[in-house]
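>>> Pasting a predicted model and its sequence here:
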Amino acid sequence: MRSLAYFIGTFVVALLLGIGSAWHMIESGSLLTTTKVGPWAGWTAEGNPSADLYTKAHLARSGRLPLTSTIARYFVARTDSNGRQLVSHCTYSIHGFPINARWWSLALYDDQGSLIANASDRYAFNSEEALRHADGSFRVNLSRNARPENWLPTGVRDQSLVLMLRIYGPRETDSAGIGLVANDRLPKIERLSCE
């Protein structure tokens, strides 16, 4: 009886460790599958037909059909630059510099991956429409109430937020053809205040 309990206990622990590690790899990736710069995380082989199984599972779970990483790069932020979770009742300033690519967009979603309903029908900014400073830098403000410059409303409901930065046609690539984005070109996310 004791050996049966030991076997069942070992099986349960192994099952929980296996499921937990697989969930972590699919959700967050590893040093081999993702690039992490400040709050931004990007899957290196996203959209590549020869991607590893965890990357494919991550994409299947997200429901996105991205272009290959040779054509586009996708970065997601769930925290600010200090590691605090992005939430709708706080105000944030996202400051970025020119990105060496043909086109980029920055979109705001809720934690379920849906656009956030708002009266302004404003969900994203891109490199063609964002107001920029003389040096080419830009600022996007996230808040419930309208802000100057580029403003993305966070909605009236309290919820976690997710930012997605899509970069199309990076002008530099590595030896595998994966688009390169300089770390200092990924925007900084600063929490200004919370209600």
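Structure's in. What do you need?

>>> which ones are touching the nearest residue to G177 once chain neighbours are set aside?
Nearest non-adjacent residue to G177, counting by Cβ to Cβ, 6 or more residues apart in numbering: T70, 4.3 Å away. In short, each C-beta sits where N, CA and C put it, glycine included. Residues near T70 by Cβ atoms under 8 Å, 6 or more residues apart in numbering: N48, T173, G177, I178, G179.

>>> State the pair within those residues that is farthest apart.
N48 and T173 (12.9 Å; Cβ to Cβ).

>>> Pick out whichever of those two has more residues nearby.
The residue with more neighbours, out of N48 and T173, is N48; 19 against 13, by other Cβ atoms under 10 Å.

>>> ok, back up a step: tell me, what's the model's pLDDT at the residue nearest to G177?
Note for T70: predicted pLDDT of 73.

>>> Equivalent analysis for E27, please.
The model's pLDDT for E27 equals 68.

>>> Kindly report the same for M164.
Confidence at M164, expressed as pLDDT, is 94.

>>> where does the residue nearest to G177 land in three-state SS?
Counting by DSSP: H, G, I helix; E, B strand; the rest coil, the backbone at T70 sits in coil.

>>> Any chance of the backbone angles for it?
In terms of degrees, to the nearest 10, the main-chain angles of T70 are phi -80, psi -20.

>>> how close does the spatially most central residue of the chain get to Y92?
Central residue of the chain (Cα atoms, centre = their mean): V76, 0.6 Å from the mean position. Here V76 is placed at a distance of 15 Å from Y92 (Cβ to Cβ, to the nearest Å).

>>> and if you look at I71?
Applying Cβ to Cβ to I71 and Y92 gives a distance of 29 Å.

>>> what's the burial count for N82?
Neighbour tally, N82, other Cβ under 10 Å: 10.

>>> how far away is it from G96?
As judged by Cβ to Cβ, N82 and G96 stand 17 Å apart.

>>> swap in S62?
Between S62 and G96 the computed distance is 23 Å (Cβ to Cβ).

>>> Neighbour count for these two, which is higher?
Under the criterion of other Cβ under 10 Å, the comparison of S62 against G96 puts G96 first, with 21 against 16.

>>> looking at it, the more buried one is touching S137, isn't it?
Yes. G96 is within contact range of S137, at 6.5 Å (criterion: Cβ atoms under 8 Å).

>>> what residues are shared contacts of the two?
By Cβ under 8 Å, 6+ apart, no residue touches both G96 and S137.

>>> next structured bit after the lowest-mean-pLDDT helix or strand in the chain?
Here the helix or strand of the chain ranked lowest by mean pLDDT, DSSP states H and E is helix 53-62, holding a mean of 71. Using DSSP states H and E, the helix or strand that follows helix 53-62 towards the C-terminus is strand 72-77.

>>> Please compute how far the very next helix or strand once past that next one lies from its chain's middle.
Using DSSP H and E, the helix or strand that follows strand 72-77 in sequence is strand 90-96. Put simply, strand 90-96 sits 15 Å off its chain's centre (Cα atoms, centre = their mean, to the nearest Å).
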